[in-house]
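>>> using only what follows, build the 3D model:
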Amino acid sequence: MPQTPADDRELDRMRPVDEVRATVLHYAAALPAEPVDLLAAHGRTLAVDLVAAADQPPFPAATMDGFAVQSDDGSPWRELIGEQMAGQVTAPEVTPGTAVRITTGAPMPPGADAVVQVESTDLSDDNHVIIHQDEIAAGQNVRPVGFDVRAGDVLLRAGTLLGPPEVGMLAGEGQLPVMVARRPRVSVLSTGDELVEPGDPLGPGQIRDANRFALVAALEAAGAEIVWAGKAPDEREPLRALLLERLAGSDVVVTSGGVSMGELDLVKALLPEIARVHSRRVFMKPGKPLNFATSGPDDRTLFFGLPGNPVSALACFELFVRPALLTMLGRVAIDRPRVPVRLAAGARPGDRPEYQRAVVRVTSEGHLVGETTGVQASSRLASWVGANALLMIPPGETPLEAGAVVQGLLLGAPLASA
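Residues are numbered from 1 along each chain as shown. Next up is the predicted model:
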């Protein structure tokens, strides 16, 4: 249904960041689970808890290469009666005056309750081991049953991002295939007749399309599957048809450009005809002209009309699109860390909260200090290069002095002070 003038006035109201974020997350629904092979699990999001099926290790195991002995046997000389290697159970029972050679990870032979490491022993010519250790404690260099994992322990929670150690735990438990959240299927459209492909020569008044490629990279880093990426036509009906096609074939549609106040901002003009628009402007800088809408059954397809300026597009991605994607993946944590940061230099507030790109370092005293990356114009994508934080400069009339504390959104780990 077309928007009424009253609807337009409400949609054009500049809304606080938290209000728009809450609306976005309200419609960001968790995606269904799907099975994948173990080698395909890295970088995916676990969909169900991983619960230990059995104790690990399932037997007492040596933690050192050495000799399995009885700890209360005081003799320094022990007859070597066999060997126990990892993956085998072949050694005879250890009794007073005897020892069994053992390797790391091997099950303890019957009768033994300690391992003397190789460095504390010598071998004699008559098949005896000489122990150069005055006291041997029961359990020395032995990992008991269930030391690593107890049956029934929840090892990984649903929503965990699977990295190398998590994949190793999945392999160790042998619970295959791995159930992971389906990746959000995302279409990315850049708009504007002035845009040309990165490899094409520039004509008069043209620029190369940077937004689409930056957004694809950001989306994939957040766990999305890109199902379509391209340049949209700057004509009403072909654009309308493409948007309808991508809404039908995607979980999320992301556009850049065409959402501001100009006569040729066709995305904004078409959106009320094909989706349910929830907001058009955010009280922030950069990134004010953000259009958010939903479509499809139960409003489960999300539409983000991002601004055309590259810095504005990435700022909106960080604050709204990325949390939505992680929510759809069922992630345990959807937010970047937010920390207090001291300004390295003064800052002049504006009329809106401003998210400035910055490099944050840790001082020798343990404080976080942020220095902006130069000119903060929304067209200057170079201001994002090397930045590991967004510093939120609150609106106001009084300049902030160096040392003032503001909220920092960490995009990466703080650096050590030079």
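>>> just the strands in the stretch 201-350 of the chain please.
Using DSSP state E, counting those that start in this stretch, the strands of the stretch 201-350 of the chain run over residues 207-208, 225-231, 252-256, 276-279, 281-282, 291-295, 301-306, 338-343.
>>> so which elements touch the helix or strand just after the last one?
Okay, so that is strand 338-343. Once strand 338-343 ends, the next helix or strand along the chain (criterion: DSSP states H and E) is strand 354-362. Packed against strand 354-362 by the contact rule (3 or more CB pairs under 8 Å, 6 or more residues apart in numbering; DSSP states H and E) you find strand 368-372, strand 389-393, strand 405-410, strand 415-416. Every residue, glycine included, has its C-beta placed from N, CA and C.
>>> what's the lowest-mean-pLDDT helix or strand in the chain in contact with?
Lowest by mean pLDDT, DSSP states H and E among the helices and strands of the chain is helix 5-11, with a mean of 72. Identification of contacts with helix 5-11 by CB atoms under 8 Å, 6 or more residues apart in numbering yields Gln3, Pro272, Val277, His278, Ser279, Arg280.
>>> for the residue lying closest to the third one once chain neighbours are set aside, which residues are in contact?
Counting by CB to CB, 6 or more residues apart in numbering, Val277 lies nearest to Ala293, which is 4.5 Å off, once chain neighbours are set aside. Residues in contact with Ala293, defined by CB under 8 Å, 6+ apart, are Leu271, Ala275, Arg276, Val277, His278, Leu302, Phe303, Gly305.
>>> count residues in the vicinity of Asp299, would you?
Residues near Asp299, counting by other CB atoms under 10 Å, number 15.
>>> roughly how far apart are the closest residue to it other than its chain neighbours and Ala293?
Take Asp299 and drop its neighbours on the chain: the residue closest to it by CB to CB, 6+ apart is Tyr27, 5.5 Å away. Tyr27 sits 9 Å away from Ala293, going by CB to CB, to the nearest Å.
>>> go on, Ser364?
Ser364 is 49 Å from Ala293, by CB to CB.
>>> check Thr45 too.
Applying CB to CB to Thr45 and Ala293 gives a distance of 25 Å.
>>> list the residues that contact both of Tyr27 and Ala293?
Residues touching both Tyr27 and Ala293 by CB under 8 Å, 6+ apart: His278, Leu302.
>>> if we can go back for a sec, of the strands of the stretch 201-350 of the chain, which shows the lowest average pLDDT?
Here those differ in mean pLDDT, and the lowest is strand 207-208 at a mean of 92.
>>> pLDDT below threshold where in the chain?
Counting by pLDDT under 70, the chain contains low-confidence ranges at 1-6, 260-264.
>>> the longest helix in it is where?
helix 236-248 (DSSP state H).
>>> got the angle between that one and strand 225-231?
With axes from the mean of the first three to the mean of the last three CA atoms, to 10 degrees as the basis, helix 236-248 and strand 225-231 are set at 170 degrees to each other.
>>> so how far is helix 236-248 off the chain centroid?
Relative to the chain's own centre, helix 236-248 is displaced by 31 Å; criterion: CA atoms, centre = their mean, to the nearest Å.
>>> do the same with stretch 213-228
Using CA atoms, centre = their mean, the offset of stretch 213-228 from its chain centre is 13 Å.
>>> contacts only, for Val100.
Phe67, Ala68, Leu80, Ile81, Gly82, Glu83, Gln84, Ala91, Pro92, Val94, Pro109, Ala112.
>>> from those, which two are the most distant?
Phe67 and Pro92 (13.7 Å; CB to CB).
>>> which one's more surrounded, these two?
Phe67 (28 against 13).
>>> part of a helix, is that one?
No. Counting by DSSP: H, G, I helix; E, B strand; the rest coil, Phe67 is located in no helix; its state is strand.
>>> name the nearest residue to it, sequence neighbours excluded.
Ala99 (4.3 Å).
>>> before we move on, what about Pro177?
Pro35 (3.8 Å).
>>> the strands of the stretch 201-350 of the chain: which one's closest to Gly168?
Among the strands of the stretch 201-350 of the chain, the nearest to Gly168 by CB to CB is strand 225-231 (24.8 Å).
>>> partner strands of that closest one and their direction?
Applying DSSP bridges, strand 225-231 is found paired with strand 185-190 (parallel).
>>> between the partner strand and strand 252-256, how big is the angle?
Going by the same axes, to 10 degrees, strand 185-190 makes 10 degrees with strand 252-256.
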